[in-house]
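In: this one's sequence-less:
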């Protein structure tokens, strides 16, 4: 497809979404200039006219009824890469009823679904429907697995968790992305390694919270495809914590040499 065909598909989907969600409480265009430039580019239909530099971005706001909770607010933040729908859009789901780990898993499952079922097609509505169907499961699971309240007592220190994420992307060539991977891993105290090329592979390991923060930064960059292919979460035994993660620190030198 050409840039003009991509732009036509993007504009058609946005106009459909606006007709389905007509109020600001349902659909909020966060960059009106990008929408105006997209419309001008499509209506001009001159092959010599340069594609717009700005990317359309918008928020879809939904209210979800669950069996165990009152109505829950869900926000889908969407951004179109210039090659969409030949590549997937960037969709981020925000819901106060989910933990960070659950939101990470939700995004992983959503991207896997879109990649398998919607590649090459406009898919924001498919993403909305999938979230509606599956978010209830995540929320209800969170309620079922929540620990029962305990009597007040001397609280033990929370158990630390060591995580390792294997992140696969379609490719990694961009120097800015490679620089970000290095700087963020160093900033967050993570070790691991990165393999530029096609496919691109990044493996990071360290405290679970730092790994989650690293993934939350990396995934919002513009990628053709990116996903967590595998993850390991290992609770640390404080009495023996010197014997496990320290061995993996030997990987730290690799990521800083890239």
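Out: Cool, the structure landed. Remember, it's a predicted structure, so these values are computed and weren't measured experimentally.
In: for the protein, give me the ranges with low pLDDT.
Out: Scanning the chain with the threshold set as pLDDT under 70 gives 45-48, 65-71, 139-158, 237-258.
In: do that again at 80, thanks
Out: Within the chain, the segments meeting pLDDT under 80 span 1, 45-50, 64-72, 96-98, 135-159, 236-258.
In: residues making contact with stretch 195-214?
Out: Contact with stretch 195-214 is made by 100-101, 104, 160-173, 178, 181, 184-185, 188-194, 218, 233, 245, 248, 251, 255, 258, as judged by CB atoms under 8 Å, 6 or more residues apart in numbering. Any C-beta I mention is one placed from the backbone N, CA and C, and that applies to glycine too.
In: could you pull out the buried residues of it?
Out: Applying a neighbour-count criterion of 16 or more other CB atoms under 10 Å, one finds 196, 200, 202-208, 210-214 buried in stretch 195-214.
In: just stretch 216-226 next, same as before
Out: For stretch 216-226, the buried set under the neighbour-count rule, 16+ other CB under 10 Å, comprises 218, 219, 223, 226.
In: next up, the contacts around the nearest residue to the second one once chain neighbours are set aside.
Out: Pointing back at residue 219 there. Across the structure, with CB to CB, 6 or more residues apart in numbering as the measure, the residue nearest residue 219 apart from its sequence neighbours is residue 226 (6.1 Å). Counting by CB under 8 Å, 6+ apart, residue 226 touches 111, 167, 168, 169, 170, 218, 219.
In: just the buried ones among these, please.
Out: Applying 16+ other CB under 10 Å to the contacts of residue 226, the neighbour count classes 111, 167, 168, 169, 218, 219 as buried.
In: on that earlier part again, which of the contacts of stretch 195-214 are buried?
Out: By the neighbour-count criterion of 16+ other CB under 10 Å, these include these buried positions: 101, 104, 162-169, 172, 178, 181, 184-185, 188, 190-194, 218, 245, 251, 255.
In: surely residue 123 is in contact with residue 88?
Out: Yes. Here residue 123 lies in contact with residue 88, judged by CB atoms under 8 Å, at a distance of 7.1 Å.
In: can you pull the contacts of the closest residue to residue 119 other than its chain neighbours?
Out: Counting by CB to CB, 6+ apart, the nearest residue to residue 119 once its immediate chain neighbours are dropped is residue 88, at 7.2 Å. Residues near residue 88 by CB under 8 Å, 6+ apart: 81, 111, 114, 115, 118, 119, 123, 225.
In: next, residue 88: phi, psi?
Out: Note on residue 88: its backbone torsions stand at phi -70, psi 150 [degrees, to the nearest 10].
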